[in-house]
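Engineer: Kindly return the folded structure for what I paste below:
(one chain, ligands or ions: 1)
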Amino acid sequence: MSGSQRELNLRFLAEPTDVNYGGKVHGGVVMKWIDQAGYAAAVGWSGKYSVTVAVGGIRFVAPIRTSDLVTITTKLVYTGTSSMHFAVDVNARDPMGGKERLCTHCVIVFVALDGVDGKPAPVPPLTQETEEDQRLAEYALKVMDLSKGIEQTIERYRQADMDKD
Ligand SMILES: CCCCCCCCCCCCCCCC(=O)SCCNC(=O)CCNC(=O)[C@H](O)C(C)(C)COP(=O)(O)OP(=O)(O)OC[C@H]1O[C@@H](n2cnc3c(N)ncnc32)[C@H](O)[C@@H]1OP(=O)(O)O
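Structural biologist: This next block holds a predicted model:
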């Protein structure tokens, strides 16, 4: 039922095809997993087809190795009209008994659409019930503000470059 599942975990083993020559999972592969987990969480919350609009504050904290048991945890921390902001943690451990390590974290934002090629559509609102909920929502909005600031700076440089030609 839409508007009910706030947290979603995706769990699987890192495969040999996911790793680079150093035996560590590619950053791009980790980002693909985050996108997939976020997609499942976003369509589950909204009940609508959803697309990624932004990723912010991504940090690769520790490597993931072949055959590690990987858990992607997505938690909905803020909803706008059509947008859903998720805090994402990627943890991994040796399934034979290793200690769980935080490997990557970020904020990812999805927008619900009214069809596969449609327009932004409203999502069920998330109510912040605790101080921790409030803190997470503020964190997500701050990360997105910073990344929008970077986008605007890049746009100014691109424009200045185009004006030179
Ligand atoms: C039936 C089919 C089955 C399919 C089965 C699939 C198989 C399962 C495999 C799945 C695998 C994984 C899949 C992952 C999903 C992709 O990877 S989707 C592909 C990558 N993403 C895209 O292609 C999206 C491209 N972008 C767009 O189409 C448009 O920018 C969008 C997202 C529709 C937004 O359009 P827009 O004109 O900017 O809309 P606008 O009204 O201005 O803003 C809408 C919302 O976006 C927010 N927003 C805009 N810019 C930003 C920003 N920089 N930062 C944060 N929020 C922003 C706005 O604040 C607004 O939020 P609300 O105020 O409504 O809450």
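
Engineer: Every contact and neighbour count from this point should use C-alpha atoms.
Structural biologist: Will do.

Engineer: So which residues on the protein come close to the ligand?
Structural biologist: Residues of the chain found near the ligand (CA under 6 Å from any ligand atom) are 35-36, 39, 51-54, 80-83, 109, 111, 116, 119-120, 144, 148.

Engineer: From these, which land in helices?
Structural biologist: With helices taken from DSSP state H, the overlap with these comprises 35-36, 39, 144, 148.

Engineer: for the least confident helix or strand in the chain by mean pLDDT, which positions count as buried?
Structural biologist: Of the helices and strands making up the chain, the lowest-confidence element is helix 131-164, at a mean of 89, by mean pLDDT, DSSP states H and E. Buried residues in helix 131-164, defined by neighbour count with 16 or more other CA atoms under 10 Å: 133, 136-137, 139-141, 143-144, 147.

Engineer: What of stretch 83-102?
Structural biologist: Applying 16+ other CA under 10 Å to stretch 83-102 flags 83-94, 101-102 as buried.

Engineer: Restrict that stretch to CA atoms and write it as PDB.
Structural biologist: Extracted C-alpha coordinates of stretch 83-102, given in PDB (Å, rounded to 0.1, in the frame of the first residue of the first chain):
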ATOM      1  CA  SER A  83       9.700  14.500  -4.600                       C
ATOM      2  CA  MET A  84      10.900  11.800  -2.200                       C
ATOM      3  CA  HIS A  85      14.200  12.200  -0.400                       C
ATOM      4  CA  PHE A  86      15.900   9.100   0.900                       C
ATOM      5  CA  ALA A  87      18.900   8.700   3.200                       C
ATOM      6  CA  VAL A  88      20.900   5.700   1.900                       C
ATOM      7  CA  ASP A  89      23.500   3.600   3.800                       C
ATOM      8  CA  VAL A  90      25.400   0.800   2.100                       C
ATOM      9  CA  ASN A  91      26.800  -1.700   4.500                       C
ATOM     10  CA  ALA A  92      28.900  -4.800   3.800                       C
ATOM     11  CA  ARG A  93      30.300  -7.700   5.700                       C
ATOM     12  CA  ASP A  94      32.000 -11.100   5.100                       C
ATOM     13  CA  PRO A  95      29.100 -13.500   5.300                       C
ATOM     14  CA  MET A  96      31.300 -16.000   7.100                       C
ATOM     15  CA  GLY A  97      31.100 -13.800  10.200                       C
ATOM     16  CA  GLY A  98      32.800 -10.500   9.500                       C
ATOM     17  CA  LYS A  99      31.800  -7.300  11.200                       C
ATOM     18  CA  GLU A 100      29.300  -5.000   9.300                       C
ATOM     19  CA  ARG A 101      31.000  -1.900   7.900                       C
ATOM     20  CA  LEU A 102      29.400   1.300   6.600                       C
END
